[in-house]
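>>> Prediction below, plus the sequence it came from.
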Amino acid sequence: MPTLLTTIKPYDLGFLRILADFWGLPGPTGDSEAARAVLAGEILSPELVEEVVLALPQEARAALTDLLGEAAGRAPWVRLSRRHGPLRQMGPVRRERERPHERPESALEMLYYRGLVGRAFFDTAGGPQEYGFIPDDLLPLLPALGPVSEIPPGRPARDEEIGAEFLASDALLDDLTTLLAARRAGPPAEAGLEPARESLCLALLAAAGIVNPAGALAVDRVRDFLKAPRGEALASLVVSWRASGAVDELALVPEIEIAARVPRDPVRLREKILAYLAGLPEGVWWSLPAFIAGIETLEPEFLRPAGELDSRYVKDRATGEFLDGAAGWAAVEGAYIRWLIAGPLHWLGLIDLAAPGKENGRPEAAAPASFRASRWSPALLSGRAPTGVPEEAEPVHVRSDGRISLPRLAPRAVRYLIARFCDWEVALRDEYRYRASPKSLLRASDQGLKVGQLIALLARHAEGIPPNITRALRSWEQYGRAGRIETVPVLRLPSPEALDELRNSRAGRFLGDTLGPAAVALKPGSEARVLAALNELGYLAEIEGDDR
């Protein structure tokens, strides 16, 4: 690390005189190596250092304390300037005219013109990088300044940022159940979740060991998850999520695309944001944009160190443009923080959201402007099941037309099994609808399920089963499909004799079941060949609806 003498070596004579004036020393009489050595030696007096440092303005002391907390008393310059800057660049003429040391615009300028902070490039693994530093021989002389009071990033939300509230819920459990059922039921079942939410769900299932690395379901884990009380299931998800690097929220941010494999630690990133959230006032709505801006000021490099800001590996998903440099911070780091709070943290039951206006809708569509820790957050972050999570005690409803509907709070394990037996219909906000069909029952049979299991399941969990449904299911169990409706082309001829002639012709192989004395079903796609054969036999025929 450079010494004080090395630090002030490039400074011009006017700067050296400003430095001497701050330390109460006579200004150098010449611009020479010897004059600089004398000034540096006089500054490096323990008593004088303590006097000057303790007289610093509060914001300058805070900046110096911040730098003292860094390894070797140095930090990337971009971080220092964002937290405590800026430092205006001036030559001797402009400096003499504007006198920034007398009217500093930042804490960094206060430290810089006192020689307490230097500026230089150092070699790093990523190449040369500019740092701010405390000179090596000055560092041990600095007095203990005590901790600087932590100020949370941002500010409380304004009234206009708290229009429509979206409280944290346990609905993620229902989406995970839907996704598990879709995977187990197989095509044509689809989870129907938004892509970002589905991606997070899949990552959470992997983190919890419910889906193995090959993408297959771990049946025992699935059963335990579905049978666990909702509060316990949610708490277990939060615990596995916090500890797992399998959930990489940065890769899931909808607006950006990671264009290269760059080593990163998802656990460290989310814990960094959780630490900032833990410092916010309890129960207070907090401005989301101001929170993001506050982190940019306090710790702009929490995601990408200064040396990586110009690494072209993050793209805007919409435009395909690279988001590099400090100007891309809002589109990368800012988007990550916003997504983490409004997405995973809200979905996991940890964060309440609010948006401007009184309109109803989902928070994703309403552009959240503020947030606060949810009522469940303390318990969930401690690995405990929160109180107030609803129980799964709602009954299943079976209609005489074969439709089976389950309220959101029907047991998840029951819905998972019913979904494997049935065709899926459009889900409503708090209701899931299914219908048993020959095709769905055959698909379930191929997976080793028996219709008797569905009958027993409905008997235990439905309010009642219409007799015709029970009869139909038992009939299928005994005989299989009871009937089939088909759409086939039908040929009607003028007489039974004409039908006999056609059946004995070379087109006879295209004829299906006889439907009457002079009517027969045709194999699909054979119409043109049958018409040609009829013409050869002396019968004029046409395809109904064909104007050719």
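Looks like it came in fine. Numbering: from 1, shown residues only.

>>> doesn't I134 make contact with G73?
Yes. Applying Cβ atoms under 8 Å, one finds G73 in contact with I134, separated by 4.0 Å. All C-beta atoms are positioned from the backbone trio N, CA, C, and that covers glycine.

>>> Looking at these two, which one has more neighbours?
A direct count of neighbours by other Cβ atoms under 10 Å for G73 and I134 places I134 higher, at 27 against 21.

>>> ok, now how distant is that one from V93?
Distance of I134 to V93, given as Cβ to Cβ, to the nearest Å: 29 Å.

>>> Equivalent analysis for L353, please.
With Cβ to Cβ as the criterion, L353 and V93 are 53 Å apart.

>>> Who has more neighbours out of these two?
L353 (27 against 9).

>>> Enumerate every residue touching that one.
Residues near L353 by Cβ atoms under 8 Å, 6 or more residues apart in numbering: E165, F166, I341, A342, H346, P363, P368, S370, F371.

>>> Format the residues you listed as a markdown table; extra columns: distance to T177 and neighbour count.
Converted to a markdown table, these look like this (distance: Cβ to Cβ, whole Å; neighbours: other Cβ atoms under 10 Å):
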| residue | distance to T177 | neighbour count |
| --- | --- | --- |
| E165 | 26 | 13 |
| F166 | 21 | 20 |
| I341 | 25 | 21 |
| A342 | 23 | 21 |
| H346 | 19 | 23 |
| P363 | 21 | 21 |
| P368 | 26 | 22 |
| S370 | 31 | 26 |
| F371 | 27 | 29 |
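
>>> Can you name the two of these that sit furthest apart?
E165 and I341 (14.8 Å; Cβ to Cβ).

>>> and stretch 416-428, what's its mean pLDDT?
Predicted confidence along stretch 416-428 averages 89 (mean pLDDT).

>>> From the chain's centroid, how far away is that stretch?
Relative to its chain's centre, stretch 416-428 lies at 27 Å (Cα atoms, centre = their mean, to the nearest Å).

>>> ditto for stretch 17-25
53 Å.

>>> one step back: Serialize the contacts of L353 to CSV and add fields for distance to S440.
Shown next, in CSV, are the contacts of L353 (distance: Cβ to Cβ, whole Å):
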residue, distance to S440
E165, 40
F166, 35
I341, 40
A342, 37
H346, 35
P363, 35
P368, 39
S370, 45
F371, 42
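
>>> Tally up the residues packed near A55, please.
Quick note: A55 (other Cβ under 10 Å) scores 10 neighbours.

>>> Tell me how far it lies from I18.
Taken as Cβ to Cβ, the span from A55 to I18 is 16 Å.

>>> And for T6?
Distance from T6 to I18, by Cβ to Cβ: 19 Å.

>>> Could you check which of the two is surrounded by more residues?
Higher neighbour count among T6 and I18: I18, with 19 against 16, using other Cβ under 10 Å.

>>> phi, psi of that one?
phi -60, psi -40 (degrees, to the nearest 10).

>>> give the contact list for the closest residue to it other than its chain neighbours.
Nearest-residue entry for I18: H101, 5.0 Å, with adjacent residues in sequence omitted and distances by Cβ to Cβ, 6 or more residues apart in numbering. By Cβ under 8 Å, 6+ apart, the contact set of H101 is I18, F22, R95, E109, Y113.

>>> Downstream of the helix or strand bottoming out on mean pLDDT in the chain, the next helix or strand is which one?
Across the helices and strands of the chain, the lowest-confidence element by mean pLDDT, DSSP states H and E is helix 363-366, at a mean of 50. As assigned by DSSP states H and E, the chain's next helix or strand after helix 363-366 is strand 370-373.

>>> got any ranges where the stretch 401-548 of the chain has weak pLDDT?
479-485, 545-548 (pLDDT under 70).

>>> which residues in it form helices?
412-421, 438-446, 451-461, 467-479, 496-503, 527-537 (DSSP state H, counting those that start in this stretch).

>>> and the first one, what does it pack onto?
Think helix 412-421. Secondary-structure packing of helix 412-421 (3 or more Cβ pairs under 8 Å, 6 or more residues apart in numbering; DSSP states H and E): helix 171-185, helix 219-227, strand 403-407, strand 431-435, helix 438-446, helix 451-461.

>>> got the buried residues for stretch 183-196?
Judged by neighbour count using 16 or more other Cβ atoms under 10 Å, the buried positions of stretch 183-196 are R183, R184, A185, A189, A191, L193, A196.

>>> I'd like the distance from the fifth one to S199, if you could.
Distance, A191 to S199, using Cβ to Cβ: 11 Å.

>>> Report the beta-bridge partner residues of the nearest residue to W77 once chain neighbours are set aside.
Distances taken as Cβ to Cβ, 6+ apart put E130 closest to W77, at 4.2 Å, once the chain neighbours are dropped. On the basis of DSSP bridges, E130 is bridged to F121.

>>> So what's the residue count around E130?
15.

>>> same question, F291
So F291, with other Cβ under 10 Å, has 24 neighbours.

>>> State whether it is indeed within a helix.
Yes. Under DSSP: H, G, I helix; E, B strand; the rest coil, F291 falls within a helix.

>>> And the nearest residue to it once chain neighbours are set aside, its phi and psi?
Excluding its sequence neighbours, the residue lying closest to F291 (Cβ to Cβ, 6+ apart) is G154, at 3.7 Å. Main-chain torsions, G154, degrees, to the nearest 10: phi 90, psi -150.

>>> what residues are up against G154?
W286, S287, P289, A290, F291, I292, A293, G294.

>>> is it possible to export these to a markdown table including pLDDT and distance to E501?
Formatted as a markdown table, those follow (pLDDT from 0 to 100; distance: Cβ to Cβ, whole Å):
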| residue | pLDDT | distance to E501 |
| --- | --- | --- |
| W286 | 93 | 87 |
| S287 | 93 | 86 |
| P289 | 92 | 83 |
| A290 | 89 | 88 |
| F291 | 92 | 86 |
| I292 | 93 | 83 |
| A293 | 87 | 88 |
| G294 | 85 | 90 |
